[in-house]
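Trainee: Below is the sequence, then the predicted model.
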Amino acid sequence: INEKLNIDEDKIEIIPWFFPHFEEQKTAVDIQIDIKQKHSFTGEYLIYDSEVGSNKNIKRLLEALAKTDVNLVFIGNKISSDIETRELIMRLWVKEKIVFAWFPESKELALYYKQSIGVIFPILYTSFPFSLAKAINFKTKILASNLAEIKDILGEKAEYFSPISTLEITQSIETNKQNNKNEVEYDDILQKYSKENFTHNLMKACQI
């Protein structure tokens, strides 16, 4: 902003964004769908829900996945229809470990997260990790790149690896393979990065 618009740095206000709210949908009859059984997984599975892009680091993630017996569920319509990702899966011989779930029905969405061993976020660079909103709302473990922007937000609530090291990504997956699925409490993060705080900070900045 300073370079393109020639605005004095003292007049630039950085306002943290917020995580959207997601709720677990309850049905009239509380039937627990077994996600592993639904997709015929013989082992545990991770979730990737960060869409596509040059910074998403999908190739290293799939290379790491090939070295483990953990499965991967892609959630999101864009990545589910991405031809390049599908071709990469075929080249790396990991087709049998991958499920494209598109965007599950609301009654199933939370179950995908709660029955997984975690959400993996191997991004190379980011500003605000919007795509972790569902993991945070559903109290799912997060395995993430050790970027300062992510660590500033998640702190010790996540486990980290180097996004440029396939070995570290593999080790992180292996370490969490036997995750007992204990819920992670992110209430303080949701409170800090809430829509209300964002609105308050925006209004305060506009009054300067």
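Mentor: Great, that's in hand.
Trainee: center of the chain - which residue?
Mentor: Residue closest to the mean C-alpha point of the chain, counted by CA atoms, centre = their mean, is residue 132 at 4.1 Å.
Trainee: where does that one fall, helix, sheet strand or coil?
Mentor: Under DSSP: H, G, I helix; E, B strand; the rest coil, the three-state class of residue 132 is helix.
Trainee: what's it in contact with, if anything?
Mentor: Taking CB atoms under 8 Å, 6 or more residues apart in numbering as the contact definition, residue 132 lies against 19, 119, 121, 142, 144, 154. C-beta coordinates here come from the backbone N, C-alpha and C atoms, glycine included.
Trainee: after the lowest-mean-pLDDT helix or strand in the chain, next one along is what?
Mentor: None of the helices or strands of the chain scores lower by mean pLDDT, DSSP states H and E than helix 2-5, at a mean of 63. Moving toward the C-terminus from helix 2-5, the first helix or strand encountered (DSSP states H and E) is helix 35-38.
Trainee: Mind listing residues that contact that next one?
Mentor: With contact meaning CB under 8 Å, 6+ apart, helix 35-38 is reached by 41, 44-45, 73, 108, 111-112, 115-116.
Trainee: Which neighbouring elements make contact with the helix or strand containing residue 109?
Mentor: If you go by DSSP H and E, residue 109 is part of helix 106-114. Contacts of helix 106-114 with other secondary structure elements, assessed using 3 or more CB pairs under 8 Å, 6 or more residues apart in numbering; DSSP states H and E, are made with helix 35-38, helix 133-137.
Trainee: Return the distance of that helix from the chain's centre.
Mentor: The gap between where helix 106-114 is centred and where its chain is centred comes out at 14 Å by CA atoms, centre = their mean, to the nearest Å.
Trainee: for stretch 55-75, same thing?
Mentor: Once both centres are worked out by CA atoms, centre = their mean, stretch 55-75 turns out to sit 13 Å from its chain's centre.
Trainee: buried set for it?
Mentor: Of the residues in stretch 55-75, 56-58, 60-65, 68, 70-75 count as buried by neighbour count, 16 or more other CB atoms under 10 Å.
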